[in-house]
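*Asks:* Just to be clear, the model below is a prediction. Sequence and coordinates:
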Amino acid sequence: MSERFALTGPAEAGQEIKKSRFVAVAAPIDSEAAAKAFVAAQADPGANHNCWAWRLGQTYRFSDDGEPSGTAGKPILQAIDGQNLDRVVVLVTRWFGGVLLGSGGLMRAYGGTAALCLRGAEKVPLIEMSTGEVACTFADLARFQARLGNFPGMEMLCPRFTDDGAVLVLRFPSAATAEVAALVNDLSNGRVALKVL
């Protein structure tokens with residue numbers, strides 16, 4: 001599968017096409033609720049159409065907001081997918097200028113404005129993360145925390161303490177699961193295994 005990207009922050013772009021003004025705004029999201037909140041906050045009630053699309057992993061939604069079916073939301077989603085983006089919402093607002101664009105013209109206008117906005121946005125590679133647990137004794141705790149904490153891309157979440165030690169909760173790049181498991185095995189001389197959640 002090709003590498004996916006996420007936006008680092010909001011982006012905006014606009015263009016005028018046959019007297020209609022199109023403005024696209026995009027932002028990173030981490031939930032469906034965030035996408036809905038962004039659309040609600042950015043939509044202009046004075047505009048003729050506020051069309052949008054968002055993708056979050058395998059989940060996506062789009063809306064034509066009164067434009068002919070398939071001429072706005074779907075082209076916006078295609079602009080998102082065309083640039084291998086994930087965890088992103090795009091809203092394209094249109095102020096009608098009096099000239100009808102036809103179905104093909106609308107698709108090019110909405111998709112093109114969304115693509116223009118996304119091309120200009122700052123992006124970062126999206127790294128798939130895994131979560132795991134490691135149970136260790138109090139005697140091993142400091143060594144485990146120090147060595148695992150220095151692993152590239154490792155996030156150590158709040159440990160859970162038990163009667164004889166702690167359970168370390170880790171987030172790490174999924175591609176490094178075998179390396180993390182080997183490190184845990186080495187640190188414990190084979191007594192402890194990484195439990196991937």
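*Replies:* Yep, it's here. All values reported here derive from a predicted model rather than from experimental measurement. Numbers count the residues shown, from 1 in each chain.
*Asks:* which regions of this protein sit below the pLDDT cut-off?
*Replies:* Applying pLDDT under 70 to the chain flags residues 1-2.
*Asks:* repeat that for 80
*Replies:* 1-3 (pLDDT under 80).
*Asks:* So which residue is smack in the middle of it?
*Replies:* Nearest to the mean C-alpha position of the chain, by CA atoms, centre = their mean, lies residue 87 at 2.1 Å.
*Asks:* excluding its backbone neighbours, what's nearest that one?
*Replies:* Using CB to CB, 6 or more residues apart in numbering and skipping the chain neighbours, the partner closest in space to residue 87 is residue 6 (4.8 Å). C-betas here are computed from N, CA, C, even on glycine.
*Asks:* pretty sure the one you found contacts residue 83?
*Replies:* No. With contacts counted by CB atoms under 8 Å, residue 6 stays clear of residue 83, the gap being 11.1 Å.
*Asks:* what do these two both touch?
*Replies:* Residues touching both residue 6 and residue 83 by CB atoms under 8 Å, 6 or more residues apart in numbering: residue 123.
*Asks:* Which elements pack onto the helix of greatest length in the chain?
*Replies:* When the chain is parsed with DSSP state H, its longest helix is helix 102-119. On a contact count with 3 or more CB pairs under 8 Å, 6 or more residues apart in numbering; DSSP states H and E, helix 102-119 meets strand 11-17, strand 20-28, helix 73-82, strand 88-95.
*Asks:* Show the subsequent helix or strand relative to it.
*Replies:* Downstream of helix 102-119, the next assigned helix or strand under DSSP states H and E is strand 123-125.
*Asks:* from the middle of its chain, how far away would that following strand be?
*Replies:* 10 Å (CA atoms, centre = their mean, to the nearest Å).
*Asks:* and for the helix or strand just after that strand, what are the contacting residues?
*Replies:* Moving toward the C-terminus from strand 123-125, the next helix or strand (DSSP H and E) is strand 129-137. Contacts to strand 129-137, defined as CB under 8 Å, 6+ apart, come from residues 144, 148, 155, 162, 164-174, 177, 180, 184, 188, 192, 194-197.
*Asks:* can you rerun that using 6 Å?
*Replies:* In this structure, residues lying in contact with strand 129-137 by CB atoms under 6 Å, 6 or more residues apart in numbering are 144, 164-165, 167-171, 174, 177, 184, 192, 194-197.
*Asks:* what are the phi and psi angles of residue 31?
*Replies:* The phi/psi pair for residue 31 (degrees, to the nearest 10) reads phi -160, psi 160.
*Asks:* Can you tell me how far the closest residue in space to residue 83 that isn't next to it in sequence is from residue 90?
*Replies:* Once flanking residues are discounted, residue 83 sits nearest to residue 118: 5.2 Å by CB to CB, 6+ apart. To residue 90, residue 118 is 7 Å away according to CB to CB, to the nearest Å.
*Asks:* Determine the three-state secondary structure at residue 183.
*Replies:* Three-state call for residue 183 (DSSP: H, G, I helix; E, B strand; the rest coil): helix.
*Asks:* Show me what counts as buried in stretch 144-159.
*Replies:* Buried residues in stretch 144-159, counted by 16 or more other CB atoms under 10 Å: 144, 145, 148, 151, 154, 156, 159.
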